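1. Predicted model, plus sequence, below.
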Amino acid sequence: MAEKVNPYKDSDQSKKVQVTKMFDTISNEYDGLNRVISFGIDVKWREKVVKLVAKTNPENILDIATGTGDLAINLVSTNAKEIIGLDISDGMLEVGRKKIKASHLDNIISMVIGDSEDLPFEDNTFDAITVSFGVRNFENLEKGLAEILRVLKPNGIFVILETSVPTNPFFKAGYNFHTKLIMPTIGKLFSKDKVAYTYLSESASVFPYGEALNNILSKIGFINVKHDPQTMGVATIYTASKA
């Protein structure tokens, strides 16, 4: 199981409430800081996710923890007829809605506020489901994954893009320096929420990755579970399907 790390350690509110508050606060600066902190490499990772989804020719896609809609917008190139971006933070969704409207994609993408652990959709609804840098924010990982399995169609594809820790000692040292020092420092300097990027760093360092997350996905009931480390292992793309 994932070790639970909360953004505000002095708060008695649930992780879900704290994460919502955090992302509402940093929503307007999130995209810019994300590009800086990741050196823009996250764009390439999302492109790989889109290619994996496109191979399945989905008619409808659900992008969970869509945030400001970066991946949802990229998924338009799959030629899906409908894309739904779901997130618990209305602040992040509002930034996404503006981007979607500016790109004239309102007829394809809709942004919905919702809880990943209680999805407002019928069983077997979506051809493809994606989560980009969001599963580590689930309050109950297994419950959220079970909900995803429920609303995914049989033979549908599920793709996760998430941070991970390099196994090579040299790359791991560089990763730790960046995530534990550089990333929180940039966040404190430029973010309205001074603890947000410390939380994002800490949650990434304790979240299960590689075979550990594969095992959780298999336990939930996903099949054809695979993982593909990216950029020396600082992120990983997971794919799975439903029987």
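-> In hand now; what should we look at?

2. Not counting sequence-adjacent ones, nearest residue to Asp24?
-> Gly91 (3.6 Å; CB to CB, 6 or more residues apart in numbering). The way it works is simple: take the backbone N, C-alpha and C, and place the C-beta from them, glycine included.

3. my read: the one you found touches Lys21, true?
-> No - when contacts are counted by CB atoms under 8 Å, Gly91 is not listed as touching Lys21 (9.3 Å).

4. Any idea how many residues pack against Glu122?
-> 9 (other CB atoms under 10 Å).

5. again but with Gly233, I slipped
-> 18.

6. quick one: contacts of whichever helix in the chain runs longest?
-> Counting residues, the longest helix found in the chain (DSSP state H) is helix 15-37. The contact list for helix 15-37, computed with CB atoms under 8 Å, 6 or more residues apart in numbering, reads 4, 6-8, 11, 13, 42-43, 67-68, 70, 87-92, 94-95, 115, 117, 137, 139, 182-183, 186-187, 190-193, 195-197, 199.

7. model confidence over stretch 25-34, on average?
-> Per-residue pLDDT values over stretch 25-34 give a mean of 88.

8. quick one: low-confidence ranges for this protein?
-> 1-3 (pLDDT under 70).

9. related to what we said a few turns ago, dump the C-alpha coordinates for the longest helix of the chain into PDB.
-> Output of helix 15-37 as PDB, limited to C-alpha atoms (Å, rounded to 0.1, in the frame of the first residue of the first chain):
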ATOM      1  CA  LYS A  15      -6.000  13.900   2.900                       C
ATOM      2  CA  LYS A  16      -8.700  14.400   0.300                       C
ATOM      3  CA  VAL A  17      -9.800  17.800   1.700                       C
ATOM      4  CA  GLN A  18      -6.200  18.900   2.100                       C
ATOM      5  CA  VAL A  19      -5.200  18.000  -1.400                       C
ATOM      6  CA  THR A  20      -8.200  19.800  -2.800                       C
ATOM      7  CA  LYS A  21      -7.300  22.900  -0.800                       C
ATOM      8  CA  MET A  22      -3.700  22.700  -2.000                       C
ATOM      9  CA  PHE A  23      -4.500  22.400  -5.700                       C
ATOM     10  CA  ASP A  24      -7.200  25.100  -5.500                       C
ATOM     11  CA  THR A  25      -4.500  27.400  -4.100                       C
ATOM     12  CA  ILE A  26      -1.700  26.700  -6.600                       C
ATOM     13  CA  SER A  27      -4.000  26.300  -9.700                       C
ATOM     14  CA  ASN A  28      -3.000  29.500 -11.500                       C
ATOM     15  CA  GLU A  29       0.700  28.900 -11.100                       C
ATOM     16  CA  TYR A  30       0.700  25.100 -11.500                       C
ATOM     17  CA  ASP A  31       1.400  24.800 -15.300                       C
ATOM     18  CA  GLY A  32       4.300  27.300 -15.300                       C
ATOM     19  CA  LEU A  33       6.000  25.800 -12.200                       C
ATOM     20  CA  ASN A  34       5.500  22.300 -13.500                       C
ATOM     21  CA  ARG A  35       7.400  23.100 -16.700                       C
ATOM     22  CA  VAL A  36      10.200  24.700 -14.800                       C
ATOM     23  CA  ILE A  37      10.500  21.900 -12.200                       C
END
